[in-house]
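1. below are the sequence and a predicted model for it; my questions follow.
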Amino acid sequence: MVLLFLCLLRSVSGVAPLRIDGLVAAVLSPFDAAQQLNASVVAAQREYLRATGVNYVFVCGTTGESVSLTVKEREALLEAWLQTDAGVIAHVGAEAIEDAKALAAHAQARGAIAIGAMPPSYFKPATVEALAHTLAATCAAAPRLPCYYYHIPSMTGVEFAMMDLVSSVEALNVTNFAGVKYTGLDTSPGYKDAQRLVDYADGRYEVFGGREEMMLESLAIGIKGHVGSQFNFLGDLYNGVRTSFEHNGLTSVTAPALRALQLRGIAALEAQTAPSGVNAQKRFMRYAGVDVGDARLPYLPVTDDIDQHLSSSFSSFCEANADLYMCGGGGGGRRRQKKDVYDEIVYAQ
Ligand SMILES: CC(=O)N[C@@H]([C@@H](O)[C@H](O)[C@H](O)CO)[C@@H](O)CC(=O)C(=O)O
C-alpha cells in the first residue's frame, strides 16, 4: 500500500520530462589559442544555431569535452549559455559525485531547464543498483529539474540495459528522473532497449536519440528529441530529415531521399579521425564561420594534412548544397525559404 501511495505521489509530485520535439545541439566548448575558455564565442554559436532551427543546447557533454573542463569552467560556460535564449540542458556528470552534485545544484540555481548525467567511468558502478544510486544522488541535487541519465557506453564502458536502470531508479523513487539520453543506440542492448523504454508505462519517460546517423531509426520508434554533435553546424539538414519524416513517414517514396539527406550529414564528417576526436567537429564549426578553437589534450591537434582533408571534404559537401545549408555560406548562407529547401529535397519524387 505504501509503495502504491509513493507511486501515486510521484505521479503527482514528480517533475515532468521536457518532451522536446526537435534538435538539441551538443555544443562545442570554445577555447582560445591558449586553450583557455573563450565564452565570448557562445553568442555567435547561438546565432548560428538559431539560423539552422536549433533552439536547445546540451552544455559540456561529450562533444563539449565535459570532464576536460574544470568545474569552475563548466559553471562559467553554462552561465554564458544561460545568457542566451536557448533552452539549456546542463551536463553535470563527473568522476567525483560531489562535483556532479555541485554542478547540478548550480544548474538549477542559475536557470537551466534540465540536467543530464553520465556515470563515473574510472570507478565504474559495478551493478545497475550502484548506477541508480549514483544517478539518484546527482538528481537529488537539482530536485526541481528534470534529470536524465546520459547513456554513452562507447565512451564510459558502463553498459547496463536502460530498462534495468529504470527499475532500479523507480525503486529509489527519484521524483525528478525524466528519462535517458540514449547515445548507446549502436551498442548492445541498444536500439531494442531504447524502444522498450519509449513504450514503457505509456511513454512515462523521455528518450533522446543520441546518434544523428540513426535519426531515421530513432524517429521510427517514436523518439522526438535528438541530441547530437552535427547539430552544431548542420541543424538545417537534420531538421529536414525530421520535418519530412513528420510529413511522409518512411514511405518507399521518401525513404531513399531521407537516407540520402541523413547520410550527407555523415559524409560531411567522413574525414573525422580518432586521434583528433572532437577536433574534427571543431574544425567544421570553424569552416562554417564560428571559430571555437581546438580541443584540449588528450585530443591531439589536427595536423595540417588532416585539416586540409577535413576542409576540402566539408567545403565540397557545402558547395554541393550551398543554397540549402548554412555551412555553404560560412554561417550567413544564401538560404531559400526552409519549406522550399525541404520540399525540393524530399518531396520532389
Ligand atoms: C560519442 C559522441 O560524440 N556522440 C555524439 C554523436 O552526435 C556523434 O558525434 C555522432 O553520432 C557521430 O558519431 C553525441 O551523442 C554525444 C552527445 O550527445 C554529447 O556530445 O553530449
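-> Done, it's in.

2. how near is the most centrally placed residue in the chain to the ligand?
-> Central residue of the chain (C-alpha atoms, centre = their mean): V227, 2.7 Å from the mean position. According to C-beta to the nearest ligand atom, to the nearest Å, V227 stands 4 Å off from the ligand. Yep, even glycine has a C-beta here, placed from its N, CA and C like the rest.

3. would you verify that that residue is located in a strand?
-> Yes. Per DSSP: H, G, I helix; E, B strand; the rest coil, V227 lies within a strand segment.

4. ok, it - contacts?
-> Contact analysis of V227 by C-beta atoms under 8 Å, 6 or more residues apart in numbering lists L23, V24, A25, A26, F58, G61, K181, T183, F208, G209, G210.

5. what's the answer for I113, then?
-> Counted by C-beta under 8 Å, 6+ apart, I113 has contacts L18, G87, V88, I89, L145, P146.

6. how close does the residue nearest to A16 when sequence neighbours are not counted sit to A104?
-> Excluding its sequence neighbours, the residue lying closest to A16 (C-beta to C-beta, 6 or more residues apart in numbering) is P146, at 6.9 Å. Distance check for P146 against A104: by C-beta to C-beta, to the nearest Å, it reads 12 Å.

7. comparing these two, which residue is more hemmed in?
-> Between P146 and A104, A104 has the larger neighbour count (other C-beta atoms under 10 Å), namely 27 against 24.

8. next, give phi and psi for the closest residue to the ligand within the chain.
-> Closest residue of the chain to the ligand, C-beta to the nearest ligand atom: G61 (2.0 Å). Backbone geometry at G61, expressed as degrees, to the nearest 10, gives phi -80, psi -160.

9. OK, contacts around it?
-> With C-beta under 8 Å, 6+ apart, G61 has these contacts: A26, V27, H91, G116, Y150, V227.

10. what's the farthest-apart pair in those residues?
-> Farthest apart among the contacts of G61 by C-beta to C-beta are V27 and Y150. That separation is 14.5 Å.

11. need the overlap of contacts for P146 and A104.
-> Here P146 and A104 have I115 as joint contacts, going by C-beta under 8 Å, 6+ apart.

12. near the ligand, which residues of the chain are found?
-> With C-beta under 6 Å from any ligand atom as the criterion, the chain comes near the ligand at residues 26, 58, 61-63, 152, 154-155, 183, 210-213, 227-229.

13. looking at those, which are in strands?
-> Judged by DSSP state E, those include A26, F58, V227, G228 as members of strands.

14. of these, closest to D199?
-> Distances from D199 to those, taken by C-beta to C-beta, are shortest for V227, at 20.2 Å.

15. tell me the bridge partners for that closest one.
-> Counting by DSSP bridges, V227 forms beta bridges with V24.

16. read off the pLDDT value for it.
-> With respect to pLDDT, V227 scores 97.

17. ok, it to P301 distance?
-> Counting by C-beta to C-beta, the gap from V227 to P301 is 27 Å.

18. follow-up on the earlier one: any idea which of the ones in strands among the residues of the chain next to the ligand is closest to Q195?
-> Nearest to Q195 among these, counting by C-beta to C-beta, is V227 at 17.6 Å.

19. related to what we said a few turns ago, what subset of the residues of the chain next to the ligand is buried?
-> 26, 58, 61-63, 152, 183, 210-212, 227-229 (16 or more other C-beta atoms under 10 Å).
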